[in-house]
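**Q** Dropping the sequence and predicted coords here.
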Amino acid sequence: MLTTLLVAATLFGTDPSIVFSQERVPSFPPSMAFSDQSPLTPGTSAQSAATGSDSRLILVGCQSLPAGQCCVTDPRAMSIGVCDQTSAGMLVRGQNVSDDPRYSQTSRLNESIWEDPYIKQLLDELNPFAPLQFQNLMNYYDPFGIQMGTGTFGQQGYRLGWSTYNEISVLPATQAFGTAGNMKVTQWNSNARYSTVLQPGVLFNGTFWFDARWWDGPSGVALPGQVDQFSTDLELGFFDQGPWSGQIAFHPQIVETYEAKLDRNAFNFDGRAVATYKASPQWSFVGGVAVWDRVNTLIIPHVGAVWTPNNRWEVRALFPKSRVSYFLGNWRNADFWAYGQYEYTAEAWQSIISPPSMAATSDRIQITDQRLTAGLRWDKGRYIYFTEAGYVFDRHVKFAGAAPSYDLGNTAIISVGFRY
């Protein structure tokens, strides 16, 4: 058993604290002691055995000798440990193998990176299987965010730390008007967000987005099959113990197709400023504006009211995104919500267009629509899952270049997603 422990500890390392504590180290016959190292004698220097943060358990071969006369050695590093005799038994401390010149600086650097508290926090919070309790900021409310304000979990504050979001949607093919053929859209939206309080009353949200769109058709315009978005949303939230809170944000985006080099058509630069006034526990009022950099520069008001009459209802009568939620109850330690949503969307992407009898050129495509959806969401605190279905209408496609604009017929939308 001792051999198994020593070999395992040698391979996987140990804490620099005491290896064997309050137990006598089993003795070995003289023939089993390591013959290539002389036993320590009283007064021999043991500086090479200083402990540190990069410790490994060393192999031990000791005889039942008086204090200080014990052989402790690691044949790989040729290092000597420390033996102390106490009234309760012999204590053997771990040897810091980084004292060995063959233990590289790179190895110590790699270990220090994985022990960094921010790296460990990132890995734990992005790991859906990690037993982690997340933190909430109770006095900050994002009227366009994902959190809900009621239910059996009580008022949900703004989640701090790392979180992720993934959603996939399908819009079945419908007829194009103004060009030939039909068009089907499949979309994937995902992000990783880090939220932290910079100082009292100031919240920072950094969100990295990766979105993808797969276009099938129409036959009258040779659109790329896939376009992707890489973007970073940088937001400062402001709050105090009073009724006011707000946010300002800058959202630069790369919206490109792999068929062309990056040019002006591949960049969007969005920004927003929104304020919320909580007039009472039931009523909040929202006012603000966003600038969306598309084929046209769109000035989008962010206005409306939030009404939470009790623990079951939450009504967000807002533009460009509204939601009415009803708490169904708690089942198997999860809050279940039914909800309906309205949303106005406007996207712009770099695209390669091949008009008839013309060479392919880089262009910019803008797609706008309005959406009505109904969904079911189950919230387990750290984990949120949802599924939605609905109707998409008022669909318009516009180009910055010579390609003719066209419209799309109304269609359905089906979405599933999760957050943790």
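**A** Yes, it's here.

**Q** so what's the closest residue to residue 216 other than its chain neighbours up against?
**A** Closest residue to residue 216 apart from its sequence neighbours, by C-beta to C-beta, 6 or more residues apart in numbering: residue 184 at 4.1 Å. (C-beta placed from N, C-alpha, C; glycine too.) Taking C-beta atoms under 8 Å, 6 or more residues apart in numbering as the criterion, residue 184 is in contact with 170, 171, 172, 173, 215, 216, 217.

**Q** Could I get the pLDDT score of residue 184?
**A** With respect to pLDDT, residue 184 scores 97.

**Q** what pLDDT, on average, does stretch 364-382 get?
**A** Across stretch 364-382, the average pLDDT comes to 93.

**Q** do stretch 207-216 as well
**A** Across stretch 207-216, the average pLDDT comes to 97.

**Q** hey, C-alpha coordinates of that stretch in CSV?
**A** Extracted C-alpha coordinates of stretch 207-216, given in CSV (Å, rounded to 0.1, in the frame of the first residue of the first chain):
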residue,chain,number,x,y,z
THR,A,207,-19.6,39.8,-24.1
PHE,A,208,-17.9,37.9,-27.0
TRP,A,209,-20.4,36.9,-29.7
PHE,A,210,-20.2,34.3,-32.4
ASP,A,211,-23.2,34.1,-34.7
ALA,A,212,-23.6,32.3,-38.0
ARG,A,213,-26.2,32.3,-40.7
TRP,A,214,-26.8,29.7,-43.4
TRP,A,215,-28.7,30.9,-46.4
ASP,A,216,-30.3,28.5,-48.9
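
**Q** In it, which residues are buried?
**A** 207, 209, 211, 213, 215 (16 or more other C-beta atoms under 10 Å).

**Q** which of those lies closest to residue 406?
**A** Closest approach between the buried residues of stretch 207-216 and residue 406, by C-beta to C-beta: residue 215, at 13.0 Å.

**Q** So what does the closest residue to the closest one other than its chain neighbours look like in phi/psi?
**A** Nearest non-adjacent residue to residue 215, counting by C-beta to C-beta, 6+ apart: residue 223, 5.0 Å away. Here is the backbone geometry of residue 223 (degrees, to the nearest 10): phi -80, psi 150.

**Q** Residue 365 is in contact with residue 223, correct?
**A** Yes - contact criterion C-beta atoms under 8 Å: residue 223 and residue 365 qualify, at 7.3 Å.

**Q** Compare the two (neighbour count), which wins?
**A** Shown here are residue 223 and residue 365; by other C-beta atoms under 10 Å, residue 365 has more neighbours (27 against 23).

**Q** circling back: if I look at the residue nearest to residue 215, how far off is residue 216?
**A** Distance, residue 223 to residue 216, by C-beta to C-beta, to the nearest Å: 9 Å.

**Q** Also residue 163?
**A** The value you get for residue 163 to residue 216, if C-beta to C-beta is used, is 32 Å.

**Q** Show me the protein divided up by domain.
**A** When the chain is parsed with automatic domain parsing, its domains come out as 2-99, 141-419.

**Q** CSV for those domains, including distance to residue 135?
**A** Below are the domains of the chain laid out as CSV (distance: least, C-beta to C-beta, whole Å):
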stretch, distance to residue 135
domain 2-99, 28
domain 141-419, 4
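
**Q** least reliable of these going by mean pLDDT?
**A** Among the domains of the chain, domain 2-99 carries the lowest mean pLDDT, at a mean of 39.

**Q** Give me the residues contacting stretch 363-373.
**A** Contact with stretch 363-373 is made by 223, 264-265, 294-296, 340-353, 388-403, 408, 413, 415, as judged by C-beta under 8 Å, 6+ apart.

**Q** Show me what counts as buried in it.
**A** Here stretch 363-373 shows 363, 364, 365, 366, 367, 368, 369, 371, 373 as buried, counting by 16+ other C-beta under 10 Å.

**Q** With only the CA atoms kept, save stretch 363-372 in CSV.
**A** Extracted in CSV, the C-alpha atoms of stretch 363-372 (Å, rounded to 0.1, in the frame of the first residue of the first chain):
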residue,chain,number,x,y,z
ASP,A,363,-21.5,43.9,-51.2
ARG,A,364,-23.4,44.5,-48.0
ILE,A,365,-26.8,42.9,-47.3
GLN,A,366,-29.3,44.2,-44.8
ILE,A,367,-32.2,41.9,-43.6
THR,A,368,-35.0,43.3,-41.4
ASP,A,369,-38.1,41.6,-40.0
GLN,A,370,-40.5,41.4,-37.1
ARG,A,371,-41.1,38.4,-34.9
LEU,A,372,-43.9,37.1,-32.7
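
**Q** Could you point out the bridge partners of residue 171 in the sheet?
**A** Counting by DSSP bridges, residue 171 is bridged to residue 185.

**Q** Relative to residue 262, how far out is it?
**A** 27 Å.

**Q** cool, residue 139 as well?
**A** In terms of C-beta to C-beta, residue 139 sits 42 Å off from residue 262.

**Q** which residues of the stretch 151-300 of the chain fall in strands?
**A** 158-159, 161-177, 182-199, 202-216, 226-239, 244-256, 267-278, 283-293, 297-301 (DSSP state E, counting those that start in this stretch).

**Q** Pull the residues that contact the shortest one.
**A** When you say that, I think you mean strand 158-159. Contact with strand 158-159 is made by 134, 135, 136, 137, 140, 141, 142, 145, 147, 195, 203, 237, as judged by C-beta under 8 Å, 6+ apart.

**Q** at 7 Å instead, please
**A** Contact with strand 158-159 is made by 134, 136, 137, 140, 142, 147, 195, as judged by C-beta atoms under 7 Å, 6 or more residues apart in numbering.

**Q** Of those residues, which is the most crowded?
**A** Neighbour counts for these, by other C-beta under 10 Å, peak at residue 140, which reaches 23 neighbours.
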